[in-house]
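K.L.:
Pasting a predicted model and its sequence here:
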Amino acid sequence: FERAAMQGHAQSRHNLANWEVQKGNNDRAVRHLLISAKMGDDNSVDNIKRAFEAGFATKDQYAKALKGYQDAVEEMKSHDRDEANRLGY
């Protein structure tokens, strides 16, 4: 997971966060989730929200994850992709 995460694979980064939670390293887990949320991983945003509700993440961290996720989604939008979806591809 670590190698894939370092190469920009969002799901691997998310998996590293889960691994860190199991080891009790909540701070490291939140950092991994922040990175993967900023890469556009919606599950990471959900997990940071849960971490915030449980007191393991700050309001600022949750806000940064949400903003980063929204920016990533916006960056991935394209007219051609929207048109393909409209046409059923």
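P.N.:
Nice, thanks for sending it over.

K.L.:
Residue 34 contacts residue 65, correct?
P.N.:
Yes: counting by Cβ atoms under 8 Å, residue 34 does reach residue 65; the two are 5.3 Å apart. Placement of C-beta: from N, CA and C, glycine included.

K.L.:
At which residues are the helices of the chain located?
P.N.:
2-6, 10-22, 26-38, 42-54, 59-76, 79-86 (DSSP state H).

K.L.:
intersection of neighbour lists for residue 34 and residue 65?
P.N.:
Common neighbours of residue 34 and residue 65, counting by Cβ atoms under 8 Å, 6 or more residues apart in numbering, are 44, 48.

K.L.:
okay, these two: which has more neighbours?
P.N.:
Taking neighbours as other Cβ atoms under 10 Å, residue 34 and residue 65 compare with residue 65 leading, 27 against 22.

K.L.:
Could I get the contacting residues of the more buried one?
P.N.:
Per Cβ under 8 Å, 6+ apart, neighbours of residue 65: 33-34, 37-38, 44-45, 48.

K.L.:
Can you name the two of the residues you listed that sit furthest apart?
P.N.:
Farthest apart among those by Cβ to Cβ are 38 and 48. That separation is 10.7 Å.

K.L.:
Residue 38 - nearest residue in space that isn't next to it in sequence?
P.N.:
residue 68 (3.2 Å; Cβ to Cβ, 6 or more residues apart in numbering).

K.L.:
Low-confidence bits of this protein, can you list those?
P.N.:
1-9 (pLDDT under 70).

K.L.:
where's residue 33 relative to residue 76, distance?
P.N.:
Per Cβ to Cβ, to the nearest Å, residue 33 is found 19 Å from residue 76.

K.L.:
Between these two, tell me which one has more neighbours.
P.N.:
residue 33 (32 against 9).

K.L.:
Now for the more buried one: which residues touch it?
P.N.:
13-14, 17, 44, 47-48, 51, 57, 65.
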